[in-house]
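Trainee: Provided below for reference: sequence and predicted model.
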Amino acid sequence: MTILVTGGAGFIGSNFIFYWLDKHPEDKVICLDKLTYAGNLSTLRPVMDSPSFKFVKGDICDKKLVFELFKNERPEYVVNFAAESHVDRSITGPEVFLQTNYMGTATLLEACREFGVGRYHQVSTDEVYGDLPLDRPDLFFTEDSPLHTSSPYSASKAAADLLVQSYVRTFGAPATISRCSNNYGPYQFPEKFIPLMVINALNDEPLPVYGDGLNVRDWLFVEDHCRAIELILRGGRVGEIYNIGGHNEWRNIDVVRLVLQELNRPESLVQYVSDRKGHDRRYAIDPEKIRDELGWLPQTGFEGGLKRTLRWYLDNRPWWRDIVSGEYREYYQKMYGGR
Ligand SMILES: NC(=O)c1ccc[n+]([C@@H]2O[C@H](COP(=O)([O-])OP(=O)(O)OC[C@H]3O[C@@H](n4cnc5c(N)ncnc54)[C@H](O)[C@@H]3O)[C@@H](O)[C@H]2O)c1
C-alpha cells in the first residue's frame, strides 16, 4: 500500500511518517514537501535511506507535478499536512496562506478525482471554530460548532475544509477531515509557542508572553494526533469531520511556568509583550465523536509528554540551533523586537 503524505518535512507530518513506517514497515510512504522555511529535510534523516520511503520536493499547488506523482505512484491514501501554519505570519502576509492552504488543497482534490484514491484526509485545525469565552468553561467545540475564523490562517483552513466537503457531496470523493487542538512534541519549528519558550529558556533569554498570558489552549501530544489520523483513515466515515483533543486545557502563562520549572530557570525570564491581533481567548475540543466512533483517547498525559518534548530539545540542539541561527533571527526580531 502506498500512502502520500504532504508537508511531511514539517512538525506533525514528519511525526506521522515516523509513526506510520514504524507501525507499517511493509507500506510505501511518499512525502511531498516544498521545503518552505518550516520544512526541514534533516528532520527526515532517520527514514531517508529506508526502501519504504521516498521524498519528493515540490509544491502541492503545482498541478503538473502533483498529477505526475499521482499517475506514477497511485497512492491509496493521501494525508494532507502541507500548509502555511503560523498565525502570526498570516497576519503579516496572508497571501501565501490562501495559495497553499486553499489552492493546494484544491490541486490535491483534483488529482484524487482524476486518478482515484482509497482515502483523502484533510488535516485541519480547531482554529476554524474561532474561540470560546474564558468565563464559560462548560463550552467546547463540537463538529457542529459554527465556523468563526479569527485569522487569515484559520480562514484559509476553513475554506479548504468547505472545499473538501463539496468534493464529497459533488464528486463522491472518499474524504474525511480532522480538526485538532494545539500539538506539541519533537521537531516542532522554533517559532511555535512551546519550542519558543523552551529554546529561549535554554538560552537564558526572555520568554515573550502575549497579552496577559491567560489565553487557554488545549494541548495534545503529537503522537496521539497521528494515531487519531490513522483511525480516521481506516474507520472514519466518508464526508465526516472528527475533532481531536484531549481535554487538556492550560493557560499560556502556566505552560511557561511549567517549562521554566522543568528547565530550572527563574520566572523572571517571563516578559509580557503586546498581544497578537485578534488573539483567540480559549480553544477547547469536545472529542466525544472520535472516542465513541473510533475508540480514540489520548495516551500521553501533558506532564509526561512535556518532559519527553523537553528532553528531545535538550538532546537535539543542532537541529534547532541550525534554524535559529539562520533567517529565523530576522523573523524573530520583526515579531518580538521592541514589542
Ligand atoms: N501544529 C499544530 O498545533 C496544529 C494543530 C492542528 C492542526 N494543524 C495542521 O496540521 C498541519 C501540519 O502542521 P505543522 O504544525 O506540522 O506545520 P509545519 O509548518 O511545521 O509544516 C508544514 C509543512 O508543509 C510544507 N509546505 C508548506 N507549503 C507547502 C506547499 N505549498 N507544498 C508542499 N509543502 C508545503 C512545509 O515545507 C512544511 O514542511 C497543518 O495543516 C496545520 O494547519 C497543526
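Mentor: Looks like it arrived, so ask away.

Trainee: in the chain, which residue sits nearest the ligand?
Mentor: Closest contact between the chain and the ligand, by CB to the nearest ligand atom, is at Gly10 (1.9 Å). Placement of C-beta: from N, CA and C, glycine included.

Trainee: wait, that residue sits on His86?
Mentor: No: counting by CB atoms under 8 Å, His86 is not a contact partner of Gly10; they are 10.8 Å apart.

Trainee: any residues in contact with both of those two?
Mentor: 38, 189 (CB atoms under 8 Å, 6 or more residues apart in numbering).

Trainee: what about these two, which has more around it?
Mentor: Neighbour count, other CB atoms under 10 Å: between Gly10 and His86, Gly10 has more, with 24 against 19.

Trainee: for that one, give me its contacts.
Mentor: 33, 38-40, 81-82, 85, 189.

Trainee: can you do 7 Å?
Mentor: Gly10 makes contacts with 38-39, 81, as judged by CB atoms under 7 Å, 6 or more residues apart in numbering.

Trainee: quick check: most distant residue from the centroid of the chain.
Mentor: Distance from the C-alpha centroid of the chain, by CA atoms, centre = their mean, peaks at Ser268 (30.5 Å).

Trainee: which element is the residue nearest to Gly295 when sequence neighbours are not counted on?
Mentor: In this structure, Gly295 finds its nearest non-sequential neighbour in Leu231, 7.3 Å apart by CB to CB, 6 or more residues apart in numbering. If you go by DSSP states H and E, Leu231 is part of helix 222-235.

Trainee: make CSV out of the contacts of Gly10 and add distance to the ligand, pLDDT and secondary structure.
Mentor: As requested, those are exported to CSV (distance: CB to the nearest ligand atom, whole Å; pLDDT from 0 to 100; DSSP: H, G, I helix; E, B strand; the rest coil):
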residue, distance to the ligand, pLDDT, secondary structure
Ala38, 3, 95, coil
Gly39, 2, 96, coil
Phe81, 4, 98, coil
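
Trainee: of those, which is the most crowded?
Mentor: Phe81 (26 neighbours).

Trainee: report the contact partners of it.
Mentor: Phe81 neighbours (CB under 7 Å, 6+ apart): 5-8, 10, 12-13, 16, 123.

Trainee: burial count for Leu65?
Mentor: 17.

Trainee: what strand or helix carries it?
Mentor: Counting by DSSP H and E, Leu65 is found in helix 63-73.

Trainee: equivalent analysis for Arg169, please.
Mentor: helix 152-171.

Trainee: report whether that helix contacts the ligand.
Mentor: Yes: contact between helix 152-171 and the ligand, assessed by CB under 6 Å from any ligand atom, occurs at Lys157.

Trainee: C-terminal to that helix, which secondary structure element comes first?
Mentor: strand 175-180.

Trainee: now do that next one and helix 152-171, the angle between them.
Mentor: Orientation check (axes from the mean of the first three to the mean of the last three CA atoms, to 10 degrees): strand 175-180 against helix 152-171 gives 160 degrees.

Trainee: between strand 175-180 and helix 222-235, how big is the angle?
Mentor: Going by the same axes, to 10 degrees, strand 175-180 makes 160 degrees with helix 222-235.
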